[in-house]
Each structure stands twice: as structure tokens, then as C-alpha cells.
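Participant: Sequence first, predicted coordinates after that:
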Amino acid sequence: MSAFFIRFAFCNLFISVAIGLLLIAKHLLRNVLTSRMQYNLWFLLFGLLIVPFLPIRLNPLSIFLWFSHADVAVSASPAPAFEQTVQQNGNLSTGWINDFHISASQELPPVLGILLGILWISGGLIVLFAAIRARLHFRAIKKSSLPLENPQVQALYHSCLQELGIKRTIPVRSTAYLKSPVIEGLFLPCIYLPLPLVCGNDLTELRYMLLHELSHHKHRDAISSYFMNVSCIVYCFHPLIWHVVKEIQSDREVACDAAVLKLLTEDSYLTYGNTLINFAERMSF
């Protein structure tokens, strides 16, 4: 148990560095990468989060040591000697890490590993319980929702499907217990609209909201929601993971707004922006 947590700590150090590099890269390339590309960068991080649980022995620190020795070898050794130097240095680096891993595992008492395991599992269960509770609450909202019957809104919805090139008809329901539109489900998606939005006379605002939610479905944004939930459960103790989840949610909404803007004319940009501002203002009350 102690050996696993030592390896897990090394991997988390590497993950923290990777998060920092991704944040720096997004900041430096914010004017080069599109909103969708900035959002997709986070899927690289989801891949790294699996590394600590792979059945292979991987020491992330050895990667940095290999590069540092490689730089020295390139400047001081010819090509044939370079390979031998890198191999020797790599063996020394890996041996040092393995020795540290073994010695730390032997020095740490087994009780500490058990205690850390209990704390980790307890934190994960708390987050899992909160997720299940939120899911049950949303299920109650789904049961109270009603199918969309307004013919004007139905015609508007089908025109939005055509604009986005979505051939599948996604059910749309209205409910009085939501403050903002939501699309839920990966394989059986359904859009839930707040009742005041459906009953209102502003079809332009409703069109923008439908395009926004349908864009989420078109780009399969629900997948990232599952990844984020699992990441928060497994890495419940990692503050950077919680920060990254907020960044992913923000980038996802921005990417979705950018996709909607591509469907609109430039004359509609200001109207779309005012719609978002007005809707956020109503939600704040």
C-alpha cells in the first residue's frame, strides 16, 4: 500500500507540472488556437490521469532526468558515444529512482499506507455521494418535465436542427425547476428548457439557446462531463484538478458559443452577446 502511494505521489507531481504547462501553453497560444482547440487540449490531461493506475512501472521523474542527461551528452559527446552515455545515465537515473522508491517503501510504516488509503477512499466516497445526490435531484426534475407542444417553438427547433446538420431528432421538454437550458445524456440525449423561456415571446433568444445546446450534442461535450466527474472522485484531494475542472467547463461553453457564432451573421453577434448577458442577469436573481 505504501509503495503504491509513493508511486502515486510521483505521478501526481508529474500531473501538476503537466497542468502548469497546459495553462501556460493556453495563455501563450490563446490568439493562435481556436476556442475548440483550446478546449480539446484538456483531453491530453485526462490521458495523464490514467497513468498512475496503469499496470506498468512508469517513473515520470526519469523522463526529466533523461532529457537533462541527453542535453549534456549532445554538447559533449559524438554520436556513437552519445547513445552509450544516455544509456548509462538513464540506467543510473532509473536505478536511483528505484532505490529511492524501495527505501521509502521500506521506511514508511504499513499503517501510514492504510491510513492514507482510508482518507483517499473516504474523500472519493464523499464526492461520489454528492454526484449521486445531484443525479437523483435531476432525475426528479426530469420526471416533472413536460413535452414541448408549442407549434411555433417546435418549428423553430427543427430549423435549428437543420442549421447544425443534425439528422437525429432530440426530444425537447420544458420544466419550471430549471434556471437555464440543459442537454442531458450521451446516447439518449434530451434538451430541457426553463418554462419561462418557452412561454416567452422572444423567439430569437430561444433560437440562440437551442443552437447552443444542440452544439453541445454535435461536439459530444457530454463525454467530458463523465471524465470530469470521475477525475473529481479519484483526485478529490488534488486542488489543481478542481481548478482544471472549472477551466474545462468554461472553455467548453466558450467553444460552444464560438460554434454558434459561426452560424450567425456578423449583425447578430451583438444580439447573441446581449442574450447571454441578459440571461445571466436573470439567473443571478
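Facilitator: In hand now; what should we look at? Numbers count the residues shown, from 1 in each chain.
Participant: Can you verify Leu193 is assigned to a strand?
Facilitator: Yes. The assignment for Leu193 (DSSP: H, G, I helix; E, B strand; the rest coil) places it in a strand.
Participant: Pretty sure it sits against Met209.
Facilitator: Yes. With contact defined as CB atoms under 8 Å, Leu193 reaches Met209; the gap is 7.2 Å. For glycine as for every other residue, the C-beta is placed from the backbone atoms N, C-alpha and C.
Participant: anything in contact with each of the two?
Facilitator: Residues touching both Leu193 and Met209 by CB atoms under 8 Å, 6 or more residues apart in numbering: Pro181.
Participant: Quick check: which helices or strands does the one helix or strand Tyr269 maps to pack against?
Facilitator: According to DSSP states H and E, Tyr269 maps onto helix 269-284. The helices and strands touching helix 269-284, judged by 3 or more CB pairs under 8 Å, 6 or more residues apart in numbering; DSSP states H and E, are helix 203-218, helix 239-263.
Participant: do that again at 10 Å, thanks
Facilitator: Judged by 3 or more CB pairs under 10 Å, 6 or more residues apart in numbering; DSSP states H and E, helix 269-284 is in contact with strand 190-194, helix 195-199, helix 203-218, helix 239-263.
Participant: Let me have these in JSON lines, extended by distance to Lys143.
Facilitator: Formatted as JSON lines, these follow (distance: least, CB to CB, whole Å):
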{"stretch": "strand 190-194", "distance to Lys143": "11"}
{"stretch": "helix 195-199", "distance to Lys143": "15"}
{"stretch": "helix 203-218", "distance to Lys143": "20"}
{"stretch": "helix 239-263", "distance to Lys143": "26"}
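Participant: Would you convert those into JSON lines that also reports distance to Thr169, mean neighbour count and mean pLDDT?
Facilitator: Shown next, in JSON lines, are the helices and strands packed on helix 269-284 (distance: least, CB to CB, whole Å; neighbours: other CB atoms under 10 Å; pLDDT from 0 to 100):
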{"stretch": "strand 190-194", "distance to Thr169": "11", "mean neighbour count": "21", "mean pLDDT": "90"}
{"stretch": "helix 195-199", "distance to Thr169": "18", "mean neighbour count": "16", "mean pLDDT": "80"}
{"stretch": "helix 203-218", "distance to Thr169": "11", "mean neighbour count": "21", "mean pLDDT": "90"}
{"stretch": "helix 239-263", "distance to Thr169": "19", "mean neighbour count": "16", "mean pLDDT": "93"}
